[in-house]
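Visitor: My questions are about this predicted structure, shown below with the sequence.
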Amino acid sequence: MKNIKQKLLITLFMIGAGGGAAWATNTPADATITVTPIANVSLSISATSYSFGPVSVNSSTNSATALTLTNNGQVDVAVTKAITNQSNPVGWTAGTAAAMDTYALYVATATARPNITDYSVGNHLFGALSNSTALKGLGGGSPILNNPAGATPSVSLWFRLDMPTTVSSQISRAITVEFTGTAQ
């Protein structure tokens, strides 16, 4: 009888201490919160123009000083380039190679002035009007312009111009180019 009492007491103690059965389980609930930031994408260029000055027909030249393209926005951007007005006044055409009243315009990013031979058709040529292509550096890579707090918020833009082989007029021409940033 004493032995049964001891066993009953030990069993009651074990049940009271939770040693026999699980009384409750802990089941956590997870939730996922998502957000898409709306960031300002903004580029600026200083100086806003470059003048090659008088250039001989059927020759090539490159810029002596760079324009600086800067990311003023709140997000890193990849940049594309395009000619938006190929000739003001009208009369010249942007192309892939120089011809009569047709020029070829190139742009590359670099820390120092490139040589004329450093520009390549595949990486740096604007091509035809409204032909949007990636802005590339001399090595062919596409720079990402960091937001202003980043390491590389700006790049130097260097231009090469292959003049038309012949022209129908000696009127001075202006070419408008556009650089567009796309958030990364």
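Guide: That came through, no problem.
Visitor: How about the contacts made by the residue nearest the centre of the chain?
Guide: Ranked by distance to the mean C-alpha position of the chain (CA atoms, centre = their mean), the top residue is residue 78 at 0.8 Å. Residues in contact with residue 78 (CB atoms under 8 Å, 6 or more residues apart in numbering) are 134, 142, 144, 181-182, 184. From N, CA and C alone the C-beta is placed, and that goes for glycine too.
Visitor: Doesn't it lie inside a strand?
Guide: Yes: counting by DSSP: H, G, I helix; E, B strand; the rest coil, one finds residue 78 located in a strand.
Visitor: where does it land on pLDDT?
Guide: pLDDT, residue 78: 98.
Visitor: before we move on, the earlier item: emit the PyMOL select command for whichever of the contacts of residue 78 are buried.
Guide: If you want just the buried ones from those in PyMOL, going by 16 or more other CB atoms under 10 Å, the selection is:
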select buried, resi 181
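Visitor: Identify the bridge partners of residue 134.
Guide: residue 80 (DSSP bridges).
Visitor: follow-up on the earlier one: tell me the one among the contacts of residue 78 nearest to residue 30.
Guide: Distance to residue 30 across the contacts of residue 78 (CB to CB) is lowest for residue 184, with 29.2 Å.
Visitor: Check the contact between the closest one and residue 143; I expect there is one.
Guide: No: Residue 184 is beyond contact range of residue 143, at 11.4 Å (criterion: CB atoms under 8 Å).
Visitor: and the gap between the nearest residue to residue 165 once chain neighbours are set aside and residue 114?
Guide: Ranked by CB to CB, 6 or more residues apart in numbering and with sequence neighbours excluded, the top spatial neighbour of residue 165 is residue 58, at 4.8 Å. According to CB to CB, to the nearest Å, residue 58 stands 21 Å off from residue 114.
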